[in-house]
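Novice: With the sequence up front, the predicted model follows.
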Amino acid sequence: MMRRPAANPRRDDEARAKALQIFEDKQRQGLNAKQASVEAGAPLASLYRWKRNPDLWDQPAPDPEASMARIDTAIMTLIGSEANTASRLHAVLEIGAWLVWPGEILGLPMASMSLLFIYYARSRRATKLGDLSSRDIQELLPLISLSEFEFMFKPDANFFPHFQEFEIYEQPFTERDVAASVGRYFIEADGSTFASRPSIEKAHRAVNNGGFRHFWPITIKPFRSFFRIRAPTMPILYVEQFQSDLHWHFDPEEPTFVEDVEAILNQPEKIAEFLAKAKWATLQMQAKLDRRALAHIRFPRFPRWLREEPCELRPLEPELLDAVSEPAADWDF
């Protein structure tokens, strides 16, 4: 049996120090924190944690399984018929927070709970729990976690309860848009032959060569990091941006926050259709990509009894196919 190589703390420290250096250099060059973290090839939460307290470097990374189990539960809640209004609301917010920051494992529970409080405060015009109806309080209390509030003040919490998505190089698109387009390529590409089968490398060429409507000069290493973090969300973002009129995004800083949330919450039939398409898209992406590329990717798990609904596929654009076939542009960073 092959033995796993022993950990080398010194080498790990050097790698983290290098990632921090890249992160800080890219910020000085004008990139925002999220973009700089992609260039550094490390999650934003980890970079802030390493920068703030180097003694935390040797702590194990949080396990994504617990975070993804919450998404599984949210999906089950939304396609079931027994959950109360607060539980369905929490599920909508949980998925929305995850779609914005899929790599922020430690912060997601706090973010979704903050959204929950903001929704009740604005929709009920309440300033404290006592302003809510007894029914609201009864439904809300099981969703409140005091331990999550306590965790906000720990050194490694790195809690940033904001939902602004930053544009890439001051262009009118975000990582969310890129993830949706890459997901569409993985899902809609012809997977019948080796030459046409999608891959991470081909998707990198497409992004780097302007094959999508997005122009993002990014090298292969940070693109792999982007894929590792964003891949679980790609089928859902694909459905959102290409196959549905449900827009699963909301920002509590916007005055339309309550209306944006209710535009999803109040359409249970469309939610069920959306998730049935997302299940189909997830299965397509898993079938077309090489198993090695997905070895460490944890997709949402949909109930077996949820019948997947095929999406309407369109031929990939000639410019996308041309970008995939060309070598990745050699950008001077």
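Specialist: Yes, it's here. Numbers count the residues shown, from 1 in each chain.

Novice: CA atoms for contacts and neighbours, from now on please.
Specialist: Noted.

Novice: Count the residues that sit near the closest residue to Leu44 other than its chain neighbours.
Specialist: Once flanking residues are discounted, Leu44 sits nearest to Ser37: 5.3 Å by C-alpha to C-alpha, 6 or more residues apart in numbering. Neighbourhood size, Ser37 [other C-alpha atoms under 10 Å]: 27.

Novice: do the same with the one 10 residues further on
Specialist: Taking other C-alpha under 10 Å as the criterion, the count of residues near Leu47 is 23.

Novice: Ala278 too?
Specialist: Counted by other C-alpha under 10 Å, the residues lying close to Ala278 total 27.

Novice: Now do the contacts for it.
Specialist: Applying C-alpha atoms under 8 Å, 6 or more residues apart in numbering to Ala278 gives the contacts Pro235, Ile236, Val239, Glu308.

Novice: center of this structure - which residue?
Specialist: For the chain, the residue nearest the mean C-alpha position is Pro102 (3.1 Å; C-alpha atoms, centre = their mean).

Novice: Confirm for me that that one is in contact with Met234.
Specialist: No: counting by C-alpha atoms under 8 Å, Pro102 does not reach Met234; the two are 10.6 Å apart.

Novice: Can you spell out the domain ranges of this structure, please?
Specialist: The record's domain parsing of the chain by automatic domain parsing lists 11-56, 64-151, 168-325.

Novice: same question for the longest one, mean pLDDT?
Specialist: In this case it means domain 168-325. Taken as a whole, domain 168-325 carries a mean pLDDT of 93.

Novice: Start and end of it, how far apart?
Specialist: Start-to-end span of domain 168-325 (C-alpha to C-alpha, to the nearest Å) is 24 Å.

Novice: Distance from it to the middle of the chain?
Specialist: Centre-to-centre, domain 168-325 and its host chain are 10 Å apart (C-alpha atoms, centre = their mean, to the nearest Å).

Novice: before we move on, the earlier item: please tell me how far the residue nearest to Leu44 sits from Pro142.
Specialist: Counting by C-alpha to C-alpha, the gap from Ser37 to Pro142 is 35 Å.

Novice: returning to what we had before: please state the backbone phi and psi of the residue nearest to the centre of the chain?
Specialist: Backbone torsions for Pro102, taken as degrees, to the nearest 10, come to phi -70, psi -20.

Novice: what's the distance between it and Pro232?
Specialist: As for Pro102, its distance to Pro232 is 8 Å (criterion: C-alpha to C-alpha).

Novice: again with Glu165
Specialist: 18 Å.

Novice: and what of Gly103?
Specialist: On the measure of C-alpha to C-alpha, Gly103 and Pro232 end up 10 Å apart.

Novice: I'd like the distance between the closest residue to Ala189 other than its chain neighbours and Pro235.
Specialist: Leaving aside its chain neighbours, Ala189 sits nearest to Pro198 (6.2 Å; criterion: C-alpha to C-alpha, 6+ apart). Applying C-alpha to C-alpha, the value for Pro198 to Pro235 is 15 Å.

Novice: the more surrounded of those two?
Specialist: Pro235 (31 against 23).

Novice: give me the element the more buried one is part of.
Specialist: helix 234-242 (DSSP states H and E).

Novice: all helices of the stretch 1-150 of the chain, in order?
Specialist: Secondary structure of the stretch 1-150 of the chain (DSSP state H, counting those that start in this stretch): helices at 9-28, 33-40, 44-52, 64-79, 85-100, 108-123, 134-140, 146-151.

Novice: name the helices or strands packed onto the second one?
Specialist: On a contact count with 3 or more C-alpha pairs under 8 Å, 6 or more residues apart in numbering; DSSP states H and E, helix 33-40 meets helix 9-28, helix 44-52, helix 220-230.

Novice: I'd like those helices as TSV, with distance to Leu283 appended.
Specialist: As requested, those are exported to TSV (distance: least, C-alpha to C-alpha, whole Å):
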stretch	distance to Leu283
helix 9-28	34
helix 44-52	29
helix 220-230	16
